[in-house]
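K.L.:
Take this sequence and fold it.
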Amino acid sequence: MKRFLPSFQVVKARLQQRELYVVDSNQTLRLGAHYNGIIDCIKRTWMHEGVYGFYKGCLPNAVRVAPGAAITFFAYETISDFLCTYGH
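P.N.:
You can find the predicted model right below:
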């Protein structure tokens, strides 16, 4: 189940976008149609971008989250070792 979480995050983010601007064939910027629900969002993403479209932004998010996770892991392990060694 965890391997599908990034795709749910992308779908959620796309559904939350208020405005979608599209460049049409005349190279003019116009307000595009919003998604008509979750299924429509999934279908359009699959048709226009394929599998890659569901994992956009995962690497920058991992780079953003990794330092905090590393610090939390290090602190937890350090305190746990300290308590096991010196605590009764």
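
K.L.:
Can you tell me which helices and strands the helix or strand where I71 lies packs against?
P.N.:
Secondary structure assigned from DSSP states H and E places I71 in helix 58-86. For helix 58-86, the elements it packs on are helix 5-16, judged by 3 or more C-beta pairs under 8 Å, 6 or more residues apart in numbering; DSSP states H and E. To be clear about C-beta, it is placed using only N, CA and C from the backbone, and glycine gets the same treatment.

K.L.:
Run the angle between the helix it packs on and helix 58-86 for me.
P.N.:
Here helix 5-16 points in a direction 130 degrees away from that of helix 58-86 (axes from the mean of the first three to the mean of the last three C-alpha atoms, to 10 degrees).

K.L.:
So for helix 5-16, mean pLDDT?
P.N.:
Helix 5-16 carries an average pLDDT of 79.

K.L.:
List the buried residues of it.
P.N.:
Neighbour-count burial for helix 5-16, with 16 or more other C-beta atoms under 10 Å as criterion, is recorded at 6-7, 9-11, 14.

K.L.:
Could you dump those residues into JSON lines and include distance to K56?
P.N.:
Conversion of the buried residues of helix 5-16 to JSON lines gives the following (distance: C-beta to C-beta, whole Å):
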{"residue": "P6", "distance to K56": "9"}
{"residue": "S7", "distance to K56": "10"}
{"residue": "Q9", "distance to K56": "10"}
{"residue": "V10", "distance to K56": "6"}
{"residue": "V11", "distance to K56": "11"}
{"residue": "R14", "distance to K56": "10"}
